[in-house]
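>>> Could you work out the structure for the sequence below:
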Amino acid sequence: MTPFRPLARAGLIAAALALTGQAAHAQEEGAAARGPDIGLAGSYLAARAAVISGDHAEAAEYFERALLSDPGNPTLIGNAVFANAALGRFDRAAALAEDMPADAQGQELVDLVRFVEWIRLDEMERAAAAMAEGRGAGPFIDGLASGWIALGEGDMTEAVRTFQSLADDRVLSQLGWLHLALAQAAVGDFERANEILSGDQIGPINQTERVIAARAEILVQLDRRGDALDLLDGFTQRVPDPALLELQARIGAGAEGPYAFVTDASEGLAEVFFTVAVALGNDVPSTLPLIYAQAATEIDPEHYDAAMLAATLLFEAEQNDLAAAAFETVPEGADQYVEAQMGRAEAIEEMGDIEAATAVLADLAAARPDLASVLAAYGDMLRRGEQCGMAIDAYTDALDLVDTTQPRYWFVYYARGICNHREDNWDAAEDDLRQALVLNPEQPQVLNYLGYSLVEQRRNLDEALDMIERAVAARPDSGYIVDSLGWVFYRLGRYDEAVEPMERAAELLPTDPIINDHLGDVYWMVGREREARFQWERALSFDPEPEDAERIRRKLDLGLDRVLQEEESVGETQ
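Coordinates of the predicted model:
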């Protein structure tokens, strides 16, 4: 589920950077104050390498090893705390933080870790006292957290005052309104909560998947089940989010029970960390949003949107083993389970095990044959694994479930078209590719694929040229598409016109064997035979497919004219 994402303005980002600055200092310091001695050099260097690569698990392991040789070293403690927090190991991070000297740099991160642990242990008074002393989780967390702690103490008046003051702040307005609405719903004032989330009172509020889910549950509590279904249907028609589809099915079946979105102060505090993590997005170093997402799941282990966010951030940081493990924490039965399994499969594929990734999606497709998104993802994985026959079946099953007039399904037709082409069923492939263009007429990938295929078949060359020129206009920096333009000129016998786009394609993708081979052919046809041979030699150096390599060697031995004559004579005899 794509979570609530308010605009993260300058003040919010500045506050975030104030915290990440000390974390970055902890990660980038070349040595501790008194320097690592020879006994811890190996662990320290291994930890530094892990930090540079973004591997939080190895960083945590090696910084803690280094601490065995140099206990009390504040730089090593700060790094170990940081790495464990990024992994969601807040109990371990808090234990390490106990050894941090009071006058050392990095206290902000120590305060954050302690704050999370106090909330997890339901020690709200200690958390409130820390905020009062300026030792909470940070200025933009603390304001929202104060409101939820007030609610937990039974002081709803103070909670409303706190959230309202944040709603009136230009930087934190959307966060303030969101948490005010969730607080109202937590105490049973569903009318007021819906009034805020619908935008009727404050004007437009971001109607993202998470806000839609909250509103739907609130509408059910107001005995407006039909309105809840209409709200969900209107959204899922545009964005078929698996978690919202699960919620929609439950509400439609009359099974949705008591309000359960955010029901108490602890869950509200988890939501604070989650929504701030999302608000920061990519505007600050990715580890801070990751730590906040992990904090949300530490406080509320059933906050599966936070688990999804943490897994996604790990995946984006190319920590695929950690991402796969994080996706797997979302249990079967959770609304986010389907999306989590799809993410897990993608992470496993990135780890190089496409067979295991395909097995994950095969199981998911067998369990949920009613979800087009699952079947399409399964088809994509099969296609990437060169199992196009099975992929065609998966794509067809997906298309059978949806309104195929909707433009967003162009990619399914395009992908099925590629598979039909690979299975030597060109008629079906062309039908799919043309249908993809009906749904998305200027899609450059489709224009290029269909145009290039027509060129290779030497059919409809004028139409192919028009398609490829449109594709180049949309993606002028795509070497493959620019190569297609040069190649269609070549096929049309317009060799002089082919030179410029083919040279540009070779500049864009200088190590691609096919593009270098094509450039050699074009050079040969305009009389630049020495340059042609140079390009063919370059193409061979980039490990082309065996069949292509053999043809290039024949061109080097005989020249392109002779090779074309031989190929033409073979074609006439077949």
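>>> In what element of secondary structure is Asp370 found?
Here Asp370 is covered by no helix or strand, with elements defined by DSSP states H and E.
>>> so what's it closest to, chain neighbours aside?
Spatial nearest neighbour of Asp370, excluding adjacent residues (C-beta to C-beta, 6 or more residues apart in numbering): Leu401 at 7.0 Å. Quick note: C-beta positions are derived from backbone N, CA and C, even for glycine.
>>> Verify the stated contact: that neighbour with Arg368.
No: with contact defined as C-beta atoms under 8 Å, Leu401 does not reach Arg368; the gap is 10.8 Å.
>>> pLDDT below threshold where in the stretch 301-450 of the chain?
For the stretch 301-450 of the chain, no stretch is flagged by pLDDT under 70.
>>> Sketch out the low-pLDDT regions of the stretch 451-574 of the chain for me.
For the stretch 451-574 of the chain (pLDDT under 70), the answer is 571-574.
>>> Repeat that for the stretch 101-250 of the chain.
Across the stretch 101-250 of the chain, the ranges flagged by pLDDT under 70 are 201-204.
>>> One more pass at 80, please.
106, 139, 200-207 (pLDDT under 80).
>>> one step back: now do the residue nearest to Asp370 against Asn440, distance only.
As judged by C-beta to C-beta, to the nearest Å, Leu401 and Asn440 stand 20 Å apart.
>>> The residue nearest to Asp370: neighbour count?
The tally of other residues near Leu401 (other C-beta atoms under 10 Å) stands at 16.
>>> what's the answer for Glu158, then?
Residues lying near Glu158 (other C-beta under 10 Å) number 15.
>>> With Val171 instead?
20.
>>> And Glu153, by the same measure?
14.
>>> just the one 3 residues further on next, same as before
Residues contacting Met156 under the criterion other C-beta under 10 Å number 16.
>>> Likewise for Ile52?
Residues lying near Ile52 (other C-beta under 10 Å) number 11.
>>> The helix or strand encompassing it: what's the following helix or strand?
Ile52 belongs to helix 41-53 when assigned by DSSP H and E. Using DSSP H and E, the helix or strand that follows helix 41-53 in sequence is helix 56-69.
>>> from the chain's centre, how far out does the next helix or strand after that next one sit?
Next helix or strand after helix 56-69 toward the C-terminus (DSSP H and E): helix 74-86. Centroid displacement of helix 74-86 relative to its chain, using C-alpha atoms, centre = their mean, to the nearest Å, is 26 Å.
>>> swap in stretch 271-281?
Between the centre of stretch 271-281 and the centre of its chain there are 16 Å (C-alpha atoms, centre = their mean).
>>> list the buried ones in it?
By neighbour count on 16 or more other C-beta atoms under 10 Å, the buried set for stretch 271-281 is 271-280.
>>> Out of those, flag the one nearest to Ile299.
Ranked by distance to Ile299 (C-beta to C-beta), those are led by Phe273 at 7.0 Å.
>>> Tell me who's in contact with the closest one.
116, 137, 141, 292-293, 295-296, 299, 306 (C-beta atoms under 8 Å, 6 or more residues apart in numbering).
>>> one more time with 6 Å, if that's ok
292, 295-296 (C-beta atoms under 6 Å, 6 or more residues apart in numbering).
>>> Could you list every helix and strand in contact with the helix or strand where Gly379 lies?
Per DSSP H and E: Gly379 is located in helix 372-384. Counting contacts by 3 or more C-beta pairs under 6 Å, 6 or more residues apart in numbering; DSSP states H and E, helix 372-384 packs against helix 354-367, helix 388-399, helix 410-422.
>>> what comes into contact with it?
240, 342, 357-358, 361, 364-365, 368, 390-391, 394-395, 397-398, 401-402, 412, 415, 419.
>>> And for stretch 426-437?
Taking C-beta under 6 Å, 6+ apart as the rule, stretch 426-437 contacts 410, 413-414, 416-417, 420-421, 446, 450.
>>> May I ask which two of these are separated the most?
Trp410 and His421 (16.3 Å).
>>> so can I have TSV of the helices and strands packed on helix 372-384 showing mean neighbour count and distance to Pro258?
Formatted as TSV, those follow (neighbours: other C-beta atoms under 10 Å; distance: least, C-beta to C-beta, whole Å):
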stretch	mean neighbour count	distance to Pro258
helix 354-367	17	28
helix 388-399	21	35
helix 410-422	23	39
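>>> closest one to Val220 among those?
helix 354-367 (26.4 Å).
>>> contacting residues around the closest one?
341, 344-345, 348-349, 374-375, 377-378, 381, 385.
>>> farthest pair in those residues?
Pairwise over these, using C-beta to C-beta, the maximum falls at Ile348 and Leu375, 18.6 Å.
>>> which phi and psi does Leu172 have?
Per-residue torsions, Leu172: phi -100, psi 20 (degrees, to the nearest 10).
>>> thinking again about what came up before, restrict the helix holding Gly379 to CA atoms and write it as PDB.
Below are the C-alpha coordinates for helix 372-384, written out as PDB (Å, rounded to 0.1, in the frame of the first residue of the first chain):
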ATOM      1  CA  ALA A 372      -4.800  -9.500 -12.100                       C
ATOM      2  CA  SER A 373      -1.800  -7.700 -10.500                       C
ATOM      3  CA  VAL A 374      -0.500 -11.000  -9.200                       C
ATOM      4  CA  LEU A 375      -0.900 -12.900 -12.400                       C
ATOM      5  CA  ALA A 376       0.700 -10.000 -14.400                       C
ATOM      6  CA  ALA A 377       3.700 -10.000 -12.000                       C
ATOM      7  CA  TYR A 378       4.000 -13.800 -12.300                       C
ATOM      8  CA  GLY A 379       3.900 -13.400 -16.100                       C
ATOM      9  CA  ASP A 380       6.700 -10.700 -15.900                       C
ATOM     10  CA  MET A 381       8.900 -13.000 -13.800                       C
ATOM     11  CA  LEU A 382       8.300 -16.000 -16.200                       C
ATOM     12  CA  ARG A 383       9.200 -13.700 -19.200                       C
ATOM     13  CA  ARG A 384      12.400 -12.500 -17.600                       C
END
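>>> Can you point out the buried residues in that helix?
If you call a residue buried by 16+ other C-beta under 10 Å, then helix 372-384 has these buried ones: 372-383.
>>> could you give the angle of that helix to helix 388-399?
Counting by axes from the mean of the first three to the mean of the last three C-alpha atoms, to 10 degrees, helix 372-384 lies at 160 degrees to helix 388-399.
>>> Now do helix 372-384 against helix 354-367, angle only.
150 degrees.
>>> between helix 372-384 and helix 410-422, how big is the angle?
Using the same axes, to 10 degrees: helix 372-384 against helix 410-422 is 30 degrees.
>>> Just name the closest of the buried residues of stretch 271-281 to Val81, please.
Nearest to Val81 among the buried residues of stretch 271-281, with distances taken as C-beta to C-beta, is Phe273, at 16.8 Å.
>>> Need the contacts of helix 354-367 in CSV (columns: distance to Gln248).
Shown next, in CSV, are those (distance: C-beta to C-beta, whole Å):
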residue, distance to Gln248
Gln341, 19
Arg344, 24
Ala345, 24
Ile348, 29
Glu349, 29
Val374, 16
Leu375, 19
Ala377, 20
Tyr378, 22
Met381, 26
Gly385, 32
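>>> who's in contact with the residue nearest to Leu375 when sequence neighbours are not counted?
Leaving aside its chain neighbours, Leu375 sits nearest to Ala398 (3.8 Å; criterion: C-beta to C-beta, 6+ apart). Contacts for Ala398 (C-beta under 6 Å, 6+ apart) come out as 372, 375-376, 412.
>>> Quick check: the two most widely separated of those residues?
Leu375 and Val412 (9.1 Å).
>>> got the buried residues for stretch 57-65?
In stretch 57-65, residues buried by neighbour count (16+ other C-beta under 10 Å) are 57-65.
>>> May I ask which two of the residues you listed are separated the most?
Maximum distance among the buried residues of stretch 57-65 (C-beta to C-beta): 13.0 Å, for Ala57 and Arg65.
>>> Good, we can wrap up now.
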